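Asks: predicted structure and sequence below. I'll ask about it afterward.
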Amino acid sequence: MHHVEVNITPTSWLATQLQLPRSVTVHHGLVESPPLVRIAGPDPKTVFVFMGRLVSTKGIRLLLKACEILREEKRSFELLVIGDGPERASLETIVREWQLTSHVQFLGRLKQSQISEVLAKATVVVAPSLGGEVFGMVVAENMLNGIPVLASDLGAFVEVIGDAGLTFKMGDPVDLARQMARLVDDSSLLERFRRSARQRVLDCFPMSHMIDGHTEIYYRLGSK
């Protein structure tokens, strides 16, 4: 480690966690693309989308518990689960046991074109991860798509979202359900996040910023 000139981290939060010498933060950059066109279905229910591998660290069981709370509150919503993994069978059993079959659909692993079709119907993307996130590309990509994001308050997620989305207390299904309910109930909040989420990514995480950040580091090191 004494021979390392620079340690590059994708978030300032990660740099504070690692405490490596000579750390520099260069955020991941995204290529600008047009926002997804929202396809309104005949049913005005709120459509939550989860994207990720079906493993415990991604917090999907926590999300199902929050859905159970919303069901008991008789709220109109749907959860679409994109992804697969070793816990899928047990999660599907939970959905049946918690009487969520009319609210939750497991879509499995999808092609990119199919993912885009699902996201065009999405009201909110939920990222309930319990740890292991150093940036949150799923969060940033969907913000760029103009989709409001609700994520656990992991340091990396908080840094990416800023004030352009909502967070909940990591591991707390009651707080997750509370924030989901806010989004179900408040269409003006959703509209504000649709605009501000995309603009935050365009302002803070463009690909040009990442390229310029790395270029500046390499030029500086090369001039020594």
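Replies: Arrived safely, thanks for sending.
Asks: now do the same contact list for the residue minimising distance to the centre of the chain.
Replies: Of all residues in the chain, the one closest to the mean position by CA atoms, centre = their mean is Val139, 3.1 Å from it. Applying CB atoms under 8 Å, 6 or more residues apart in numbering to Val139 gives the contacts Val125, Ala127, Val149, Ala151, Phe157, Val160, Ile161, Gly165. In this view, the C-beta of every residue, glycine as well, is placed from N, C-alpha and C.
Asks: gap between it and Ser152?
Replies: In this view, Val139 and Ser152 are 10 Å apart by CB to CB, to the nearest Å.
Asks: overlap in contacts, those two.
Replies: Contact criterion CB under 8 Å, 6+ apart; residues shared by Val139 and Ser152: Ala127.
Asks: mind listing the strands for the protein?
Replies: Along the chain, counting by DSSP state E, strands occupy 7-9, 23-25, 46-51, 77-82, 104-108, 124-127, 149-152, 166-168.
Asks: between these, which gets nearest to Arg182?
Replies: Across these, Arg182 has its closest neighbour in strand 166-168 (7.1 Å, CB to CB).
Asks: tell me the average confidence for the closest one?
Replies: Strand 166-168 shows a mean pLDDT of 98.
Asks: show me which helix runs longest in this structure.
Replies: helix 187-204 (DSSP state H).
Asks: what angle sits between that one and strand 46-51?
Replies: Relative orientation of helix 187-204 versus strand 46-51 (axes from the mean of the first three to the mean of the last three CA atoms, to 10 degrees): 40 degrees.
Asks: give me the below-cutoff pLDDT ranges for this structure.
Replies: 1-2, 37, 39-43, 224 (pLDDT under 70).
Asks: can you show me the helices along it?
Replies: Using DSSP H, helices in the chain cover 12-18, 60-72, 88-97, 112-119, 137-144, 155-161, 173-185, 187-204, 207-222.
Asks: let's have the strands of the chain in a markdown table, adding distance to Leu189.
Replies: Output for the strands of the chain, formatted as a markdown table (distance: least, CB to CB, whole Å):
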| stretch | distance to Leu189 |
| --- | --- |
| strand 7-9 | 32 |
| strand 23-25 | 30 |
| strand 46-51 | 12 |
| strand 77-82 | 15 |
| strand 104-108 | 23 |
| strand 124-127 | 10 |
| strand 149-152 | 11 |
| strand 166-168 | 8 |
